[in-house]
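Chemist: Structure for the following, please:
(one chain, ligands or ions: 1)
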Amino acid sequence: MSDSEGYVGRFAPSPTGPLHSGSLVAAFASWLDAKAHGGQWLVRIEDVDTPRCIAGADKIILQQLAACGLHPDAPPVYQSQRSNHYQSLLDQLITQSQAYACGCSRLDIECAIAGSGQKRRRHDELIYPGTCRNGLNGKNARSWRFLTDSQASNSPLAQEIRAQAAPDSVANNVTWTDRLLGQQQQNVCSEVGDFVLKRADGLWSYQLAVVADDAAQGVTHIVRGQDLADNTPRQILLQRALGLPHPQYLHAPLVLGTNGEKLSKQNGAQALDSGQPLLALHSAALALGYHIRADSVTEFLNVALHAWRADLQ
Ligand code: GLU
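Modeler: Numbers count the residues shown, from 1 in each chain. Predicted coordinates:
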């Protein structure tokens with residue numbers, strides 16, 4: 001299969017507010033890559049983290065995309081409708097002894113880490129020390145976690161998976177090639193730990209939902225912001241465990257706020273003005289390295305597509 005055959009790309013916004021110039025970059029880059037490959041471009045509304053979602057933000061995002069001439073090739077999929085599918089994948093992982101129930105509260109995790117004398121932190125997150133890997137020890141199940149250490153389970157199925165796995169998957173050391181960032185590597189077991197698939201509040205984790213839906217929608221190419229690059233090894237591990245295909249990845253540059261961090265509502269990002277699509281597209285294109293002048297949205301998109309295609313050569 002050539003690179004462009006059967007290309008399916010997507011933009012997967014969380015409806016936590018309207019798009020701003022930072023989030024438009026991911027939308028625009030994923031649209032450009034899909035169209036430059038003659039592929040399909042889908043929009044998926046990632047509304048699993050319901051407490052963070054804002055009513056009506058999905059509609060505003062779709063209107064903003066339309067104003068910029070970015071029209072999905074199929075009706076948007078809503079993750080809030082897909083709970084049964086996520087449950088079936090969690091059940092598969094449980095059957096394979098690759099997911100387990102965890103009864104630990106945050107305090108339990110802090111105490112276990114303090115007791116071990118280790119500093120187990122990554123960004124602001126505690127790295128789960130694996131307390132419930134061998135059972136709940138009388139606690140109630142709160143969340144479900146992915147077993148990142150494939151050596152730790154002794155079920156016959158886990159042993160069979162180990163016997164068939166490539167050497168780097170046994171160590172859960174994930175290497176992958178980003179189309180922009182190049183060769184990447186992460187040991188998920190030691191650097192991230194057993195991550196949550198279903199949260200204590202019953203909500204699905206981003207990691208499981210994104211892997212489930214990318215596969216269900218036949219997504220072949222993922223283009224998204226660089227802040228998400230660090231999640232990719234977890235998603236590759238889940239794809240391996242579930243026997244799902246691995247898409248290709250391109251993590252696009254971020255627009256930074258005044259504090260040097262990724263542009264967000266918190267550091268001053270303004271909602272895109274749908275009445276000024278050329279202005280919005282201009283700043284998204286600049287973040288991708290293109291300085292484009294055009295009189296209409298159609299002309300702008302054509303020029304940008306031409307430039308993106310030339311960069312693919
Ligand atoms: N929903 C995620 C976000 O808005 C993006 C997920 C993805 O592209 O994989 O940050």
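
Chemist: Measure how buried whichever residue of the stretch 151-300 of the chain sits closest to the ligand is and give me the count.
Modeler: Relative to the ligand, the nearest point of the stretch 151-300 of the chain is residue 224 (3.6 Å; CB to the nearest ligand atom). In this view, the C-beta of every residue, glycine as well, is placed from N, C-alpha and C. For residue 224, the count of nearby residues is 24 (other CB atoms under 10 Å).

Chemist: Can you name the residues bridging to it?
Modeler: residue 251 (DSSP bridges).

Chemist: Tell me which stretches of the stretch 51-200 of the chain form strands.
Modeler: Shown for the stretch 51-200 of the chain, the strands assigned by DSSP state E, counting those that start in this stretch span residues 77-78, 99-102, 121-122, 125-126, 143-146, 173-178, 182-187, 196-198.

Chemist: And the stretch 201-313 of the chain, by the same measure?
Modeler: So, for the stretch 201-313 of the chain - with DSSP E, counting those that start in this stretch - the strands run 221-225, 248-252.

Chemist: Can you tell me which of those is most buried?
Modeler: strand 221-225 (a mean of 23; mean count of other CB atoms under 10 Å).

Chemist: Distance check, residue 107 against the ligand.
Modeler: Noted for residue 107: a distance of 28 Å to the ligand, by CB to the nearest ligand atom, to the nearest Å.

Chemist: Look up how far residue 254 lies from that residue.
Modeler: Residue 107 sits 34 Å away from residue 254, going by CB to CB, to the nearest Å.

Chemist: quick one: low-confidence ranges for the stretch 1-150 of the chain?
Modeler: Applying pLDDT under 70 to the stretch 1-150 of the chain flags residues 1-4, 118-122.

Chemist: residues in it within reach of the ligand, list them.
Modeler: Proximity of the stretch 1-150 of the chain to the ligand, by CB under 6 Å from any ligand atom, involves residues 12-14, 46.

Chemist: hmm, which two among those residues are most spread apart?
Modeler: Greatest spacing in those, by CB to CB: 12 and 14 (7.9 Å).

Chemist: Look at those two and report which has more neighbours.
Modeler: residue 12 (25 against 19).

Chemist: for that one, what are its contacts?
Modeler: 43-46, 210, 213, 224 (CB atoms under 8 Å, 6 or more residues apart in numbering).

Chemist: hmm, back to that, anything in contact with each of residue 12 and residue 14?
Modeler: Joint contacts of residue 12 and residue 14 (CB under 8 Å, 6+ apart) are residue 46.

Chemist: list the contacts for the closest residue to residue 63 other than its chain neighbours?
Modeler: Closest residue to residue 63 apart from its sequence neighbours, by CB to CB, 6 or more residues apart in numbering: residue 274 at 5.9 Å. Residue 274 makes contact with 63-64, 67 under the criterion CB under 8 Å, 6+ apart.

Chemist: Give me the distance between residue 274 and residue 233.
Modeler: 36 Å.

Chemist: and what of residue 278?
Modeler: Distance of residue 278 to residue 233, computed by CB to CB: 38 Å.

Chemist: Likewise for residue 131?
Modeler: From residue 131 across to residue 233, the span is 23 Å (CB to CB).

Chemist: ok, now residue 173?
Modeler: In this view, residue 173 and residue 233 are 9 Å apart by CB to CB.

Chemist: residues near residue 84, how many?
Modeler: Using other CB under 10 Å, residue 84 is surrounded by 7 other residues.

Chemist: just checking, residue 25 touches residue 251?
Modeler: No: judged on CB atoms under 8 Å, residue 25 makes no contact with residue 251 at a distance of 11.1 Å.

Chemist: intersection of neighbour lists for those two?
Modeler: Taking CB under 8 Å, 6+ apart as the contact rule, the neighbours common to residue 25 and residue 251 are residue 225.

Chemist: Look at residue 41 and say how many residues are nearby.
Modeler: Residues lying near residue 41 (other CB under 10 Å) number 24.

Chemist: State whether it and residue 29 are indeed in contact, as I suppose.
Modeler: No: at 11.0 Å, residue 41 and residue 29 do not qualify as touching, with contact defined as CB under 8 Å.

Chemist: list the contacts for the spatially closest residue to residue 288 that is not a sequence neighbour?
Modeler: Spatial nearest neighbour of residue 288, chain neighbours left out: residue 29 (5.9 Å); criterion: CB to CB, 6+ apart. Going by CB under 8 Å, 6+ apart, residue 29 touches 223, 250, 252, 284, 288.

Chemist: swap the cut-off to 6 Å and go again
Modeler: Neighbour list for residue 29: 223, 252, 288 [criterion: CB atoms under 6 Å, 6 or more residues apart in numbering].

Chemist: which residue sits closest to residue 280 in space, ignoring its chain neighbours?
Modeler: residue 272 is the one closest to residue 280 (CB to CB, 6+ apart), at 4.5 Å.

Chemist: pretty sure that neighbour contacts residue 23?
Modeler: No: look at residue 272 against residue 23 with CB atoms under 6 Å: they stay out of range, at 8.4 Å.
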